[in-house]
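Novice: how would this look folded up:
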Amino acid sequence: MSSQSASQPTPAVATWLGFLLMCLGMFMAILDIQVVATSLPTIQDALGISPEAMSWIQTAYLIAEVIAIPLTGLLTRVFSLRWLFVGAVGLFTLASFGCALSASFGMLLSFRVLQGFSGGLLIPAVFSAVFLLFPSRLHAVATTIAGVVAVLAPTIGPVVGGYITDTWSWPWLFLINVAPGIVAASATPRLLPRQPTDFAELSKLDLPALALLALSLTSLEIGLKQAPERGWLSPNCLALLVLSGSSLVLLVQRTLLSEHPIVRFGSLRRRGFAAGCGLSFCLGVGLFGSVYLMPVFLAFVRRHSAFEIGTIMLVTGVAQLLAAPCVTLLESRVDARVLSAFGFTLFAAGLAMSAFQPRTADYAEMFGPQVIRGIGIMFCLLPPTRIALGDLPQAEVADASALFNLMRNLGGAIGIALIDTIIYGRVSIHATDLRDRLIAGDVTAAKAIGLPPELLLHRPPGPPDAATIAYVRPLVEKASLALCVNEAWALLAGVSLFALLILLFAREREVAGEAPVSIALESRHAAASRRLDQLGSRPR
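Specialist: As a prediction, this is how the structure comes out:
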């Protein structure tokens, strides 16, 4: 350890406790998406929601979340990191309580929007805190804690949601946030360091840019939601995606010319940060895609309950926890690019292994790929965070953290849309192919769907009767879906391998006159030490 790093003061215990409470708030926000997704049918029956409107319970949350994430930097400057977190976790807690008391679809939707907006502020705030609250020698430890929380929540979400749904009633999906939310909101003001607020920043808010930001992200989310079912080139979907792209172009032009930009795209000029955002996007595609694909396969092919799905997926979470100390240890000793390359290679291998899983795959067959993915995820999350944020000037960290986390969320949204496109577009093709092969007497097709070959060989001549069709159709449907799921796993593996190309550009060149966060903190501590020495050397 360098003498300069060793001279940095150790953060107080209160700072660590406050940071852990911030991680708890982020955990609540991420977990909420998963537990609600598990119990959407239950909520639909309770409130009499139509099947077409049911998905908006999740979509409203996600739209509000992605709009909030880029605003985190501005709101951090206005309220300070401490009060931004208190306000966000307090609003999230109140919105959760409102969701639990909702007696209509409209009421629930309104509170879900508030939940999503406040939850979107909590995630980048935590990653900003890593670089704003701790000296550089502790960045790896703090990033590991935040990273484990960020990836563990979606992993255990299905088992938590399944248990609550099976044991209690659906309002408890939201009520579980109330107690930890109250603790976090009441304790963090006493624990986190005091920082100045600057309400004058609000007067600099560019309202037209805010409208463009909301329009771009909202139309993108809705377009991605509709594209798999209606088609990417359908008039409605194409209009939404074009609207999103044109709004984004206008937003970038306006912010680059603005003296007080609502989103600081200028940080993307730094190669390290731009590459880190690209890696975050690729991780989002693989991470959210894998968490989405496993329940699809286990629920619709293997017919497992939500609780059973959750217990199977816990393997990934355990692997992440076991890998975290190793990643932390290596973070300060090995180049972040090397660790990231290892992580994405390992992650791609775990995803590719699932691309060959049989229709009958279950816990045993999924164990190995899950372990490999779980270890790889930690290497894909922690070192890229250092690549993206570790060398930025302190003034840019909050805005940059928001963009970095937004890229992961957008990667997840696009990844899930691509997965649904494969399922919607390919399942009927596979089903038709299997049906034609069965009619032709192909024994391998019978084995592929789980039909005993002797039934095919000894079937009576002529077209199949109604009873045979009723028996065989579910087998064909499940086998077709399993083939689509395997194709989606291969897609995710390809995106993860693409991240290796991005790593070739992950070389940061510091801008003259600007010091990265770690150097800025060290300089501040060194100046303070010199000042104390001067005071101590003065004669009394």
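Novice: tell me the contacts of residue 291?
Specialist: Neighbour list for residue 291: 34, 154, 155, 157, 313 [criterion: CB atoms under 8 Å, 6 or more residues apart in numbering]. Any C-beta I mention is one placed from the backbone N, CA and C, and that applies to glycine too.
Novice: want to throw the residues you listed into TSV with neighbour count?
Specialist: Shown next, in TSV, are these (neighbours: other CB atoms under 10 Å):
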residue	neighbour count
34	21
154	22
155	27
157	25
313	23
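Novice: Dump those into CSV; add distance to residue 17 as well.
Specialist: Shown next, in CSV, are those (distance: CB to CB, whole Å):
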residue, distance to residue 17
34, 26
154, 25
155, 25
157, 25
313, 30
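Novice: and the least confident of those residues?
Specialist: Among these, residue 155 has the lowest pLDDT, at 75.
Novice: Quick check: which element contains that one?
Specialist: helix 139-167 (DSSP states H and E).
Novice: other SSEs contacting the following helix or strand past that helix?
Specialist: Following helix 139-167 in sequence order, the next helix or strand is helix 172-175 (DSSP H and E). Judged by 3 or more CB pairs under 8 Å, 6 or more residues apart in numbering; DSSP states H and E, helix 172-175 is in contact with helix 13-38, helix 72-101, helix 139-167.
Novice: can those go into TSV with extra columns for distance to residue 174?
Specialist: Formatted as TSV, these follow (distance: least, CB to CB, whole Å):
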stretch	distance to residue 174
helix 13-38	8
helix 72-101	4
helix 139-167	10
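Novice: So for residue 124, which of those sits nearest?
Specialist: Nearest to residue 124 among these is helix 72-101 (4.4 Å), distances taken as CB to CB.
Novice: Please name every helix or strand in contact with that closest one.
Specialist: By 3+ CB pairs under 8 Å, 6+ apart, helix 72-101 packs against helix 13-38, helix 105-133, helix 172-175, helix 178-191, helix 397-439.
Novice: before we move on, the earlier item: so which of the helices and strands packed on helix 172-175 is nearest residue 119?
Specialist: Using CB to CB, the nearest of these to residue 119 is helix 13-38, at 3.3 Å.
Novice: Buried residues, that closest one. List them.
Specialist: For helix 13-38, the neighbour count (16 or more other CB atoms under 10 Å) marks 15-16, 18-19, 21-38 as buried.
Novice: and it, what other elements does it pack with?
Specialist: Checking 3+ CB pairs under 8 Å, 6+ apart, helix 13-38 ends up next to helix 56-68, helix 72-101, helix 105-133, helix 139-167, helix 172-175, helix 178-191.
Novice: starting at the chain centroid, how far to that helix?
Specialist: Chain-centre distance of helix 13-38: 13 Å, with CA atoms, centre = their mean, to the nearest Å.
Novice: CA atoms of stretch 44-53 as PDB?
Specialist: Taking Å, rounded to 0.1, in the frame of the first residue of the first chain, the C-alpha atoms of stretch 44-53 are listed here in PDB:
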ATOM      1  CA  GLN A  44     -54.900  -9.400 -11.000                       C
ATOM      2  CA  ASP A  45     -57.600 -11.600  -9.400                       C
ATOM      3  CA  ALA A  46     -57.800  -9.500  -6.200                       C
ATOM      4  CA  LEU A  47     -58.300  -6.200  -8.000                       C
ATOM      5  CA  GLY A  48     -60.100  -7.400 -11.100                       C
ATOM      6  CA  ILE A  49     -57.500  -6.200 -13.500                       C
ATOM      7  CA  SER A  50     -57.800  -7.200 -17.200                       C
ATOM      8  CA  PRO A  51     -55.000  -9.400 -18.600                       C
ATOM      9  CA  GLU A  52     -54.100  -6.600 -21.100                       C
ATOM     10  CA  ALA A  53     -53.600  -4.000 -18.300                       C
END
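Novice: Begin at 203, not 1, for the rest of this chat.
Specialist: All set: I'll call the first residue 203, so the last point we hit is now stretch 246-255.
Novice: how about it: buried residues?
Specialist: For stretch 246-255, using 16+ other CB under 10 Å, the buried residues are 246, 249, 251.
Novice: ditto for stretch 393-409
Specialist: 393, 394, 397, 408.
Novice: Helices along the stretch 553-702 of the chain, start to end?
Specialist: In the stretch 553-702 of the chain, the helices defined using DSSP state H, counting those that start in this stretch lie at 565-591, 599-641, 645-651, 655-659, 668-705.
Novice: would a markdown table of these with mean neighbour count be doable?
Specialist: Formatted as a markdown table, the helices of the stretch 553-702 of the chain follow (neighbours: other CB under 10 Å):
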| stretch | mean neighbour count |
| --- | --- |
| helix 565-591 | 24 |
| helix 599-641 | 21 |
| helix 645-651 | 17 |
| helix 655-659 | 13 |
| helix 668-705 | 19 |
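Novice: just to revisit the earlier point, pull the distance from the helix holding residue 357 to the chain's centre.
Specialist: Taking mean C-alpha positions (CA atoms, centre = their mean), helix 341-369 and its chain are 11 Å apart.
Novice: What of stretch 499-506?
Specialist: The chain centroid and the centroid of stretch 499-506 are separated by 23 Å under CA atoms, centre = their mean.
Novice: Endpoints of it, how far apart?
Specialist: 9 Å (CA to CA, to the nearest Å).
Novice: Would you mind listing the buried residues in it?
Specialist: 499, 500, 501, 503, 504, 506.
Novice: quick one: the spatially closest residue to residue 397 that is not a sequence neighbour and residue 646, what's the gap?
Specialist: Distances taken as CB to CB, 6 or more residues apart in numbering put residue 282 closest to residue 397, at 3.9 Å, once the chain neighbours are dropped. In this view, residue 282 and residue 646 are 65 Å apart by CB to CB, to the nearest Å.
Novice: ok so, going back, packing partners of the helix holding residue 357?
Specialist: helix 215-240, helix 307-335, helix 374-377, helix 473-502, helix 508-533, helix 565-591.
Novice: right, and the ones you listed - which one's nearest residue 640?
Specialist: helix 473-502 (20.7 Å).
Novice: And that closest one, what's buried?
Specialist: 474-501.
Novice: Ends of stretch 465-480, what's the gap?
Specialist: OK, stretch 465-480 end separation, CA to CA: 17 Å.
Novice: Just the residues contacting that stretch, thanks.
Specialist: Residues contacting stretch 465-480 (CB under 8 Å, 6+ apart): 272, 275, 411, 415, 453-454, 457-458, 586-587, 589-594, 598, 601-602, 604-606, 609, 701, 704-705, 707-711, 713.
Novice: let's go with 6 Å and repeat that
Specialist: 272, 454, 457, 586, 589-590, 593, 598, 601-602, 606, 609, 704, 707-710 (CB atoms under 6 Å, 6 or more residues apart in numbering).
Novice: Repeat that for stretch 425-432.
Specialist: Contact partners of stretch 425-432, identified using CB under 6 Å, 6+ apart, comprise 261, 439, 442, 443, 615, 619, 622, 623, 626.
Novice: can those residues go into JSON lines with extra columns for pLDDT?
Specialist: Putting the contacts of stretch 425-432 into JSON lines (pLDDT from 0 to 100) gives the following:
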{"residue": "261", "pLDDT": "82"}
{"residue": "439", "pLDDT": "93"}
{"residue": "442", "pLDDT": "94"}
{"residue": "443", "pLDDT": "94"}
{"residue": "615", "pLDDT": "88"}
{"residue": "619", "pLDDT": "90"}
{"residue": "622", "pLDDT": "90"}
{"residue": "623", "pLDDT": "92"}
{"residue": "626", "pLDDT": "86"}
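Novice: Turn those into a markdown table, including distance to residue 341.
Specialist: Output for the contacts of stretch 425-432, formatted as a markdown table (distance: CB to CB, whole Å):
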| residue | distance to residue 341 |
| --- | --- |
| 261 | 35 |
| 439 | 42 |
| 442 | 39 |
| 443 | 38 |
| 615 | 28 |
| 619 | 34 |
| 622 | 37 |
| 623 | 38 |
| 626 | 43 |
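Novice: wait, which of the buried residues of stretch 393-409 is closest to residue 546?
Specialist: Using CB to CB, those come closest to residue 546 at residue 394, 33.7 Å.
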